[in-house]
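Asker: coords below, sequence missing:
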């Protein structure tokens, strides 16, 4: 596989950043995920981090170097994150359970699969056109979907969700795929801090005309400007798929030369005290360099 990835997270006008994002990959499979800890419940940043940790741990355990069933993996790993939140709340004797949304995408071979719970979104853009977009698990989106079937007079706040990880009932997890990818396809996962202030058309247009390394930070800055002093956390992770492994390119990540037992991840293994509210590209680049150095050391050890 060969792909390019760019990610930014900013806390906006909130006291802290409860969004988390990251990606993992082996030689034959990649996982790209984002979680948005929910306000109004305790420790949203912990909920988001635990959900991603469960995904990353399951991916490391099962991608050897490919997943047997990406769809089943996404369902099981997301639900495992939900149960981990329930256990965490019990162990800490919390009155309420930390809660989070989640969206995750697996790219394996030349195919993409994804799943989500809540209102963190995935966009698939091809040739400047929207190919697919997840549907939010919100009462507003449900109302719009059912309006032509059952008239609904009530108007709901867009932020009210009917499912999430950490909720008392079993979460609703919607999945899609397999979707065949084409060279140049762009997959974006984002928190509602982006799409609530920047329209889908603007997101698609920006991704169509600029490299993801320019489009992502500009979209984030636009969302922060539109959100103002009380704006939400804004987090975006974008992947550009490059199908041809033999192309002469020095950019992006190529997994072709990795050993079967090599696993790389930008998802933190554990929560750290004093974690900064903003994750800038310099910090992400340092993490990526450390991963690449570990890969190189692993490759040199192989006979």
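Answerer: Perfect, thanks for sending it. This is a predicted model, so every value here is computed, not measured.
Asker: contacts, neighbours, all on C-alpha from now
Answerer: Noted.
Asker: which helix or strand contains residue 124?
Answerer: strand 121-126 (DSSP states H and E).
Asker: who does that strand pair up with?
Answerer: Strand 121-126 has its sheet partners listed here by DSSP bridges as strand 129-133 (antiparallel), strand 186-190 (antiparallel).
Asker: mind putting these in CSV, distance to residue 212, mean neighbour count and mean pLDDT included?
Answerer: Below are these laid out as CSV (distance: least, C-alpha to C-alpha, whole Å; neighbours: other C-alpha atoms under 10 Å; pLDDT from 0 to 100):
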stretch, distance to residue 212, mean neighbour count, mean pLDDT
strand 129-133, 15, 14, 97
strand 186-190, 8, 27, 98
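Asker: select, out of those, the one closest to residue 7.
Answerer: Closest of the strands paired with strand 121-126 to residue 7 is strand 186-190, at 9.5 Å (criterion: C-alpha to C-alpha).
Asker: how about the helices in this protein?
Answerer: 44-62, 70-91, 139-146, 192-195, 200-209, 212-227, 281-301 (DSSP state H).
Asker: between these, which gets nearest to residue 175?
Answerer: Evaluated over the helices of the chain, closeness to residue 175 peaks at helix 70-91, with 7.1 Å, by C-alpha to C-alpha.
Asker: buried residues in that closest one, which are they?
Answerer: Residues 70-71, 73-75, 77-86, 88-89 are the ones in helix 70-91 that count as buried (16 or more other C-alpha atoms under 10 Å).
Asker: how about stretch 196-213?
Answerer: Neighbour-count burial for stretch 196-213 [16+ other C-alpha under 10 Å]: 196, 197, 198, 203, 204, 205, 206, 207, 208, 212, 213.
Asker: contact partners for residue 95?
Answerer: The neighbourhood of residue 95, defined by C-alpha atoms under 8 Å, 6 or more residues apart in numbering, consists of residue 89.
Asker: gap between it and residue 43?
Answerer: Distance of residue 95 to residue 43, given as C-alpha to C-alpha, to the nearest Å: 12 Å.
Asker: do the same with residue 237
Answerer: 23 Å.
Asker: give me the more crowded residue out of the two.
Answerer: In this view residue 237 and residue 43 are compared by other C-alpha atoms under 10 Å, and residue 237 has more residues nearby, 23 against 17.
Asker: for stretch 57-69, the distance to its chain's centre please.
Answerer: 17 Å (C-alpha atoms, centre = their mean, to the nearest Å).
Asker: same question, stretch 124-133
Answerer: The answer for stretch 124-133 is 17 Å, by C-alpha atoms, centre = their mean.
Asker: cool, stretch 36-45 as well?
Answerer: That offset, for stretch 36-45, works out to 16 Å (C-alpha atoms, centre = their mean).
Asker: give me the contacts around it.
Answerer: Against stretch 36-45 from outside (C-alpha under 8 Å, 6+ apart): 17-20, 46-48, 96-102, 120, 191.
Asker: low-confidence stretches in this protein?
Answerer: Scanning the chain for pLDDT under 70 picks out 141-159, 243-251, 269-303.
Asker: neighbours of residue 165, how many?
Answerer: Residues lying near residue 165 (other C-alpha under 10 Å) number 33.
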